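In: Build me a structure from this.
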Amino acid sequence: MSRITKAWKALTGPTGPVRQGSGNLPTGFRPLVGLNGQLIWNTDNDQRIVKNGYLANDIVYSIISLITNKTKVAPWGVYKIEDESSLKSYEAALKHGRYKEAREFKHKALELYTGDGKLNELLKYPNEQETWSDLIEQACGFKLLTGDKYIYADLLQAGANTGKPNSLTVLPSQLMQIYSSNTFPARPVGYRISYGYIVQLSTEQILHERYWNPQWDSLGSQLYGLSPLKAACKNIDRSNAAKETSTRKFKNGGAEGIAYFDDDAMRDDADLAEEQIGATKKHWEDEYAGSTNAGKIVFSGYKMGYENFGLSPVDLAIIEAEKWDMRMLCNIFGVPSQLMNDPDKSTMNNVKEAERALTGRCALPQLIDTRSSINRKLYTDWGYKRQNIYIDFDTSVYPELQESQVDRAAWMSKGPLTVRQWYEMREIEIPEGVADEVLDMMLIPSNLRDAESMGLAVPDISNSVDSLDKMKLL
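Out: Next up, the predicted model:
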């Protein structure tokens, strides 16, 4: 073996997969060496974003938590695709906020599938330490913070499930780097994580999802997602500075001002001035200090003056600045400020609409992107190619997305509908034995009387047995 080969092996370590738990590597990681690509550094300081934006700013923390708490409650399942056309309609309806229509298309397009026990188990416990809700919370949280989401799949190397994920783990996006191809346009050809040690990972092992980044350059910066907090960095700096200033004011404020004698006799006689200052101070503390003396008028036999050299947070406009920073940061993420206890907008109706907006504009886009990314990896790199499998979440856990009974009743009272439609709109199961002629009978808005009593043309129901008795079921 040549000296160059020995030196290379000393730097890179053994080639190929390593055994789980070997050396200083965490269990499950299988690093690669000799990637044919250029290492692209993330020009954004994501560690600073996490440290100053999330760990040190309560506004950013609260906004991210509002969104991730919404994303983590949705249950996920494995489905078989029954109708491709209805599936496309379902995805389009969900993206455009047509939730009732989306549920109808989903019912036609997908059927729950329990034939793959391993995949169903992953959607409960993706790894030994976390639940699926934990994984979704972390994945969405990292993307909101840094613009990137990385999920590592420990792919099985042997057996009937070769190539399928044995576990899934969210990696810290602020510690990830990308290897880029030497082609145009540049493409990721590998990844690495620097976490006390360097571990190289293949594109097959990593699900990488990111926000669009317009910052194209020869270094490949566009391969990393653009953090929303990068656009808001000045607001974060100002918010942190306001909190620091306010804290110092309360902690180190000291005396608020100075009272002095503005009398000629006092200025000419220092001993007299000192004696009177002491007496006045004692008299003030004995007679006028404390909350019970609030509003009393103080009398002095000498001409006095006062200079204030302490400004309150209100005088410094800190509180008002923090309020505007909160609204601007909410605007960056699309979160209604009412949910952040904005005192100017927190009416009950506003909060109800804000809750719906939080789910529809913030949480669902995160869930939809995650669903698309996971299904893409299943079809390409994670062992489920051409198996007609579909991973999806359930929106029925969000009551704010459901049509309210009051709104539905108001809508039903304004237009004609059939008996069948009446049952469907009320989401009531149609009783057995009701004839189709009865179900097709038209009801009109005037207290929902049947059309026949109004002298209007109706379907012939003469052959329907006990049709009037069936109508009593309504």
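In: wait, isn't Ser62 in contact with Met340?
Out: Yes. In this structure, Ser62 is within contact of Met340 by C-beta atoms under 8 Å, at 6.1 Å. Yep, even glycine has a C-beta here, placed from its N, CA and C like the rest.
In: So those two - more neighbours on which side?
Out: Counting neighbours by other C-beta atoms under 10 Å for Ser62 and for Met340 shows that Met340 has the greater number, 19 against 16.
In: Need the nearest residue in space to the more buried one, chain neighbours excluded.
Out: Distances taken as C-beta to C-beta, 6 or more residues apart in numbering put Met326 closest to Met340, at 5.7 Å, once the chain neighbours are dropped.
In: secondary structure element for that neighbour?
Out: helix 318-333 (DSSP states H and E).
In: Just the residues contacting that helix, thanks.
Out: Helix 318-333 has contacts (C-beta atoms under 8 Å, 6 or more residues apart in numbering) with 59-60, 63-64, 67, 144, 228-229, 231-232, 235-236, 238-239, 242-243, 245-246, 249, 313, 336-337, 340, 342-343, 362.
In: neighbours around the residue nearest to Met340, how many?
Out: 22.
In: rewinding a little: drop anything exposed from the contacts of helix 318-333.
Out: Buried members of the contacts of helix 318-333, counted by 16 or more other C-beta atoms under 10 Å: 59-60, 63-64, 67, 144, 228-229, 232, 235-236, 238-239, 242-243, 246, 249, 313, 336-337, 340, 342, 362.
In: Filter those down to just the ones in helices.
Out: If you go by DSSP state H, the buried ones among the contacts of helix 318-333 have 59-60, 63-64, 67, 144, 228-229, 235-236, 238-239, 242-243, 246, 249 in helices.
In: So which residues of the stretch 201-350 of the chain form strands?
Out: All strands of the stretch 201-350 of the chain, identified by DSSP state E, counting those that start in this stretch, fall at 206-210, 257-261, 304-308.
In: residue contacts, Gly37?
Out: Residues near Gly37 by C-beta under 8 Å, 6+ apart: 179-182, 189-190.
In: biggest separation within those residues, which pair?
Out: The distance between the two most remote of the contacts of Gly37 (C-beta to C-beta) is 12.7 Å, for Asn182 and Gly190.
In: between these two, who's got more neighbours?
Out: Between Asn182 and Gly190, counting by other C-beta under 10 Å, Gly190 is the more crowded of the two (24 against 10).
In: And the helix or strand where Arg376 lies, what does it pack against?
Out: Arg376 belongs to helix 364-380 when elements are defined using DSSP H and E. Here helix 364-380 touches helix 58-71, helix 84-95, helix 132-146, strand 148-155, strand 206-210, strand 389-393, going by 3 or more C-beta pairs under 8 Å, 6 or more residues apart in numbering; DSSP states H and E.
In: In JSON lines: those, plus mean pLDDT and distance to Gly433.
Out: Below are the helices and strands packed on helix 364-380 laid out as JSON lines (pLDDT from 0 to 100; distance: least, C-beta to C-beta, whole Å):
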{"stretch": "helix 58-71", "mean pLDDT": "93", "distance to Gly433": "44"}
{"stretch": "helix 84-95", "mean pLDDT": "94", "distance to Gly433": "30"}
{"stretch": "helix 132-146", "mean pLDDT": "95", "distance to Gly433": "44"}
{"stretch": "strand 148-155", "mean pLDDT": "95", "distance to Gly433": "52"}
{"stretch": "strand 206-210", "mean pLDDT": "96", "distance to Gly433": "52"}
{"stretch": "strand 389-393", "mean pLDDT": "95", "distance to Gly433": "36"}
